[in-house]
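S.K.: curious how this folds, go ahead:
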Amino acid sequence: MRLSLSQRLTGQVANGDIARANFSGDYTPKVLRTEPIDGNEHYVLELTAVERSVTYSRVLYWVRKSNSQPHKAEFFSVSGRLLKTARYEEFKTLGGRVRPTRLVLRDALREGEESVMLYSEMKLRDLPARMFSKDYLQRL
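M.R.: Numbers count the residues shown, from 1 in each chain. Now for the predicted structure:
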């Protein structure tokens with residue numbers, strides 16, 4: 001279920017920054033170039049929104065060539081204006097996979113404002129499909 005873009009977490013991080021970031025399903029990728037960062041080669045991908053309902057129309061996404069881990073992302077509006085920058089940091093094993101446990105989101109429109117999300121544990125659970133219906137979610 002899509003969340004309203006007006007919903008906010010603490011700080012200036014919209015739920016869309018986290019809950020709606022489905023890079024593989026909502027965007028068409030294109031490799032722009034490779035770029036060295038901190039001694040590691042990275043692919044720079046341009047992700048273009050498949051449809052207008054996604055939070056950001058375009059994302060530049062840096063991914064390490066050696067292990068496919070994300071390094072950073074820049075999120076742009078339809079007009080091409082930079083809105084947010086994300087850094088993916090402190091990779092650890094959570095839920096059986098290596099994942100970033102620190103996500104730093106910087107607001108490009110409000111100088112000096114950033115939100116930091118820390119992940120300390122993850123538990124995988126099987127959830128019944130009925131939990132993802134609109135009727136069920138309205139009961140929560």
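S.K.: gap between the lengthiest strand in the chain and the chain center?
M.R.: As assigned by DSSP state E, the longest strand anywhere in the chain is strand 82-94. How far strand 82-94 lies from its chain's middle: 8 Å, per CA atoms, centre = their mean, to the nearest Å.
S.K.: what's next to that strand, contact-wise?
M.R.: For strand 82-94, the external contacting residues (CB atoms under 8 Å, 6 or more residues apart in numbering) are 17, 56, 69-77, 98-109, 119, 121-122. Where C-beta positions appear, they are placed from N, C-alpha and C, glycine not excepted.
S.K.: partners of that strand in the sheet?
M.R.: Pairing partners of strand 82-94, with direction, according to DSSP bridges: strand 70-76 (antiparallel), strand 97-107 (antiparallel).
S.K.: extract the CA atoms of it and return them as CSV.
M.R.: What follows is strand 82-94, C-alpha atoms only, in CSV (Å, rounded to 0.1, in the frame of the first residue of the first chain):
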residue,chain,number,x,y,z
LEU,A,82,18.2,18.0,-5.9
LEU,A,83,15.9,17.3,-2.9
LYS,A,84,17.7,14.8,-0.7
THR,A,85,21.0,13.0,-0.4
ALA,A,86,21.4,9.6,1.3
ARG,A,87,24.6,8.0,2.6
TYR,A,88,24.6,4.3,3.4
GLU,A,89,27.0,3.4,6.2
GLU,A,90,28.1,0.9,8.8
PHE,A,91,27.4,-2.4,7.0
LYS,A,92,26.6,-5.3,9.3
THR,A,93,24.7,-8.6,9.0
LEU,A,94,21.0,-8.2,9.8
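S.K.: list the buried ones in it?
M.R.: 83, 84, 85, 86, 87, 88, 91, 94 (16 or more other CB atoms under 10 Å).
S.K.: before we move on, the earlier item: are any of the contacts of strand 82-94 buried, and which?
M.R.: 17, 56, 69-76, 99-101, 103-107.
S.K.: now do the longest helix along the chain: distance to the chain's middle.
M.R.: When the chain is parsed with DSSP state H, its longest helix is helix 134-139. Counting by CA atoms, centre = their mean, helix 134-139 is centred 25 Å from the centre of its parent chain.
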